[in-house]
Structure formats: structure tokens, C-alpha cells
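**Student:** Dropping a prediction and its sequence here:
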Amino acid sequence: MVTISVIGTGYLGATHAAGMAELGFDVIGVDTDPVKIRALAGGEVPFHEPGLPELLRRHVQTGRLRFTTSMAQAAAEADLHFVCVGTPQSLTGAADLSAVHAVIAELAPLLRRNALVVGKSTVPVGTAEQLTRRIASLIQPGIAVEVAWNPEFLREGHAVHDTLHPNRLVFGCAGPSAEWLLREVYARPIADGVPVVVTDLATAELVKVSANAFLATKISFINAMAELCEAAGADVLTLARALGHDERIGAQFLGAGLGYGGGCLPKDVRALIARADELGSGESVAFLRGVEEINQRRRDRIVAEALEVLRGGPGWRAGRVAVLGAAFKPHSDDVRDSPALEVAQRLHRAGALVTVYDPVAAVRARSVAPQLRYAANPHVACRKADVVLHLTEWPEFGSLDPVRLRAIVRNPVLIDARNTLDAARWLAAGWEFRRPGTVLPLVTQDRVAAG
Ligand SMILES: NC(=O)C1=CN([C@@H]2O[C@H](COP(=O)(O)OP(=O)(O)OC[C@H]3O[C@@H](n4cnc5c(N)ncnc54)[C@H](O)[C@@H]3O)[C@@H](O)[C@H]2O)C=CC1
Ligand SMILES: O=C(O)[C@H]1O[C@H](OP(=O)(O)OP(=O)(O)OC[C@H]2O[C@@H](n3ccc(=O)[nH]c3=O)[C@H](O)[C@@H]2O)[C@H](O)[C@@H](O)[C@@H]1O
């Protein structure tokens, strides 16, 4: 049985390493960050991902899953190396591949046995080809090292499920031996019926970025419809529900609201635009600039609406804003390009006193936005608030008691930027409930008007 190394043990790599151990392999996780490695080796996951601590601990305890900062150890022991390092956005918008290149520069000369290097990081098309040439120039004579690309489609917050039960596997291979080895590694999901798409390296790389660009486009499409609904007095929630019944469209990713954020969708859209420009094909993806603009307008829209409430209310001078949610989405503590945190920071810059509550992301949020106040629970966050913003749709916000909260705030105005709260409950408790692009329930509106 092959031994696997997973290089880069962040959100993707830590989950992938534990997933590979769960599939029965001996796995060595490698990272340059000694603090992260110490935590993982001790069975601790240094970020919030439901189900991962249990999976990781189980395999660390049996010794099937080990962690190290030593690339030499990985090179000596593993036959297959998954590359899972970050590919963040550079200043130009293109992907910054320095970590990927650093891995190859370190790993290739250390290899003393034939190996397969499998990229999982999200990279611009053409990267695998470039790495293949680079590896060939760095390895010892007599050693055969192949490169394959196996992009990852997991969602944060569902990472364990998505790793063990992916909806498809994509193998970008330059030759048949890489495909055989990948089929061996993923034998269990394949036996469970997971479809496998085997293709060339370039197509595999492009599948990944185009999948994320498509998801971003779908979200911006429904947000564009939200803008239109607002102008026309129509209701985007009903519109999305009606669209979603068409199987060709599908109901997922039609959640209008604050738009997409996170460590992947925004940067992958920009990286695709940048790569297409490099390839002289910028026009083909010109529409993605519109996708980005719509996405950015959602954040602008909520900032403007919150300021409008503050200006119209009693506390404009040092208006208090309660922000519910800091993570880029629920079930995650990731605040990379978080729409919620951007809105909170912009309101702070505009002079508001912003207090944020998030069930798990406060520590990370504080490290990137220390100027904001953080509350230990939503009630403290809402104390004397002039406006409450619902910016990340954690399930617990759905069960907040609007009557109790009304007694805590100064001005009962709630902006549901994620369109997921039950408007009727808030309206019935006497709140001014705002939800861009939607029509509020008539009966309750009447009741409020009458009261
Ligand atoms: N986060 C996610 O849900 C998904 C991420 N991806 C892609 O996976 C890649 C990694 O993303 P994340 O895990 O979110 O990033 P991350 O920033 O959480 O993790 C990257 C890790 O790589 C380590 N690293 C950097 N340079 C290294 C080196 N030379 N040697 C060893 N380790 C090194 C860092 O210390 C860090 O722990 C990106 O390309 C991303 O687009 C793909 C699918 C899902
Ligand atoms: O490449 C990646 O890293 C991953 O990026 C996304 O996963 P993730 O970033 O974890 O989160 P999503 O669930 O896609 O949500 C992204 C953003 O879109 C927003 N969103 C999502 C759905 C929706 O209907 N509306 C909406 O605004 C979310 O709030 C969030 O800010 C993709 O869904 C994964 O398939 C991919 O592997």
C-alpha cells in the first residue's frame, strides 16, 4: 500500500490528510508552520471544522496519521505527495504560486525513490506543466517523478463529508501510471459510485477554477435579480424558489444576500480573469468582472443601508451597530475576505461603534480587525444598538428571541443581509425589519402599521 504525504496542512491539507488516513493509508502531514504541526500532531485542529477533530484524533492515536515540519521525512517515506499549500491572491489579482514553487524546490532534490506529485491546490492553468519541467530539472538522476492534478472541491464547514464522499473526482494525468495510482488511492469512493473524470493536466486545473467561477456567477446572478426585485417591488426569495424548481437551474447557490466571500471564490475569480488575460483570452471571461462588481455592490448596499438607519436614528454621533456574524459563512471560523467583517470594518471607519458576535470566528476576526469590539453573546452585542445587522447566517441566529432583544437595543431595526431570518417573528415583536430585494409578509406588516 502506498504511503502518502500531504504538504501544507491548512484548511484543505489537514482535512485531506485525515481523510486519506480514514481511507486506510499511512499519512505524513508536512507544514512549515511548527505551531500548526505541533497542534495537529497532538490531535488538535487549529481551526473550526465540524467532525474533523474526531477524525484526526482517531488516526493520530493509531499512528496512521503523523505530522512533521521535515520535508526530508516526507520525501523519504512517501510514494505519493499531495501538494495542498496556499495559492493566495497577489497584488495583481493573479494567484501567488510562491508556496507551490517553494514546495517543489525543497521536495524534488530530496527524492530518492520514484514518486507521484499530485497537486490539490487551486492553480492557474499551465502550472502543472511548468512544475513538471521544474521537477525534471531538480531530481536526482535515475529517479522517475510524475506530476498529476487532482483538484479539490470541498466546502468549508462540510469538509469531512466532502472529502470522504466527493461528488466527483477529477484526475489530471500526463500518463496511465498516475491514473492507476490515483484510482488505488480513491478506490473506496470509486467503489461507492463516485464518478471519475480522467483528463489532461490543463483541463483538470481549469475544471477547478471554472467550478468556482460558475458558483460565484450563480450567486451574483441571483444578487443582480435581488437588485432588480428591489427596483420593481418584487421578491427575490420567491423568485429564487421558483427558479430552483427547474432542475436545469437547480436550487443551490441561489441564496441572495450579502454575496460571496472566503479564501477561495473571490480569489479564484480574480485569478481566472488574470490568467485569461495572460493567455490573450481576457474577453472570454470579461463577464466575470460584472460578477465581481455585483458581489461588491452587496457589501456597499448593506453599509449604505446601515448608515441610513444610523443617520435617521437617535444615535448618529456615536451610533451603535450590532453585527451578528464575522465568518465568511456559517460552520466555519474562516474570516478571509469575509463580507460580514468587511461591512463591520467599514461601519467602524465611518464612525460607528461596532460590536461583533460570532459563535466561533471571534478570535480570528479580532486578529484581523482588532479595532472592533467583540461580544461573548448576541445579547451583549445588541446592547443599546441603533441597528442590528445579520451578516452570517449561523443557525443560532434563527432562534434568537426578538422580544427579548427588543428590550436590549436602543432602536429596534434589523437588517437581515442574509435573507434567512423569519421576518414575521421580528415584525410581530415590533422590529423594523429590512431585507433588501424582498417583500415582507403582508399580514404582519399590516399588524405593525396598525400597532
Ligand atoms: N480552504 C478550502 O476549503 C479549499 C482550498 N482549496 C485550495 O487549497 C489550497 C490551500 O488552501 P487552504 O488550505 O485554505 O490554505 P491555508 O492557508 O489554510 O493552508 C496552507 C498551508 O500551507 C502551508 N505552507 C505554506 N508554504 C509551505 C511550504 N513551503 N511547505 C509546506 N507547507 C507550506 C501554510 O503554513 C499553511 O498551513 C489553495 O490553493 C486553495 O485555493 C481548494 C479547495 C477547498
Ligand atoms: O475552492 C474552494 O475553496 C471551495 O470554494 C467554495 O467553498 P467555500 O468557500 O467553503 O464556501 P461556499 O459554500 O461555496 O460559500 C462561498 C461564499 O458564497 C456565499 N454564498 C453561498 C451560497 C449562496 O447561495 N449564496 C451565497 O452568498 C457564502 O456565504 C460564502 O461567503 C466551493 O463551494 C467549494 O466547492 C470549493 O472547493
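**Tutor:** Yep, that arrived. Ligands and ions are numbered 1, 2, ... in the order given.
**Student:** what's stretch 328-342 in contact with?
**Tutor:** Residues external to stretch 328-342 that are found in contact with it (Cβ atoms under 8 Å, 6 or more residues apart in numbering): 11, 47-50, 156-158, 258-263, 266-267, 298-299, 323, 325-327, 356, 358, 360-361, 363-365, 368-369, 391-395. Every residue, glycine included, has its C-beta placed from N, CA and C.
**Student:** In helices, which of those residues fall?
**Tutor:** Among the contacts of stretch 328-342, DSSP state H puts 11, 266, 267, 298, 299, 363, 364, 365, 368, 395 in helices.
**Student:** What distance do you get for residue 194 to residue 339?
**Tutor:** 32 Å (Cβ to Cβ, to the nearest Å).
**Student:** What of residue 293?
**Tutor:** Shown here: residue 293 relative to residue 339, a distance of 14 Å by Cβ to Cβ.
**Student:** Compare those two and say which one has the larger neighbour count.
**Tutor:** Between residue 293 and residue 339, counted using other Cβ atoms under 10 Å, residue 339 has the larger neighbour count: 26 against 11.
**Student:** how many other residues sit next to residue 283?
**Tutor:** A count of nearby residues for residue 283, using other Cβ under 10 Å, gives 9.
**Student:** And it, how far from residue 269?
**Tutor:** Separation of residue 283 from residue 269 (Cβ to Cβ): 16 Å.
**Student:** what's next to stretch 66-74, contact-wise?
**Tutor:** With Cβ under 8 Å, 6+ apart as the test, stretch 66-74 has contacts from 5, 7, 9, 17, 27-34, 37, 40-41, 60, 81, 103, 106-107, 110.
**Student:** List the contacts of residue 81.
**Tutor:** 4, 5, 6, 7, 74, 75, 107, 115, 116, 117, 118.
**Student:** what's the farthest-apart pair in these?
**Tutor:** Farthest apart among the contacts of residue 81 by Cβ to Cβ are 75 and 118. That separation is 14.6 Å.
**Student:** ok, the closest residue to residue 398 other than its chain neighbours - contacts?
**Tutor:** Once flanking residues are discounted, residue 398 sits nearest to residue 421: 6.4 Å by Cβ to Cβ, 6 or more residues apart in numbering. Each residue near residue 421 by Cβ under 8 Å, 6+ apart is listed here: 390, 397, 398, 414, 433.
**Student:** Please identify the nearest residue in space to the fourth one, excluding sequence neighbours.
**Tutor:** With Cβ to Cβ, 6+ apart as the measure, residue 388 is the residue that lies nearest to residue 414, at 4.7 Å, once sequence neighbours are left out.
**Student:** ditto for the last one
**Tutor:** In this structure, residue 433 finds its nearest non-sequential neighbour in residue 426, 4.5 Å apart by Cβ to Cβ, 6+ apart.
**Student:** buried stuff in the helix or strand containing the one you found?
**Tutor:** Per DSSP states H and E: residue 426 is located in helix 423-428. Residues of helix 423-428 classed as buried: 423, 425, 426, 427, 428 (neighbour count, 16 or more other Cβ atoms under 10 Å).
**Student:** Turn those residues into TSV, including distance to ligand 1.
**Tutor:** Conversion of the buried residues of helix 423-428 to TSV gives the following (distance: Cβ to the nearest ligand atom, whole Å):
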residue	distance to ligand 1
423	32
425	33
426	33
427	37
428	39
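**Student:** Including pLDDT and distance to residue 180, could the residues you listed go into a markdown table?
**Tutor:** Below are the buried residues of helix 423-428 laid out as a markdown table (pLDDT from 0 to 100; distance: Cβ to Cβ, whole Å):
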| residue | pLDDT | distance to residue 180 |
| --- | --- | --- |
| 423 | 95 | 55 |
| 425 | 96 | 57 |
| 426 | 96 | 58 |
| 427 | 96 | 61 |
| 428 | 96 | 62 |
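**Student:** And those residues, which is closest to residue 410?
**Tutor:** Nearest to residue 410 among these, with distances taken as Cβ to Cβ, is residue 426, at 16.4 Å.
**Student:** Looks like residue 259 contacts residue 302 (just checking).
**Tutor:** No - here residue 259 lies out of contact with residue 302, judged by Cβ atoms under 8 Å, at a distance of 9.4 Å.
**Student:** So which bits of this structure are right by ligand 2?
**Tutor:** Contact residues (Cβ under 6 Å from any ligand atom) of the chain with ligand 2: 122, 152-156, 212, 215, 219, 253-255, 257, 259-262, 264-265, 328-329.
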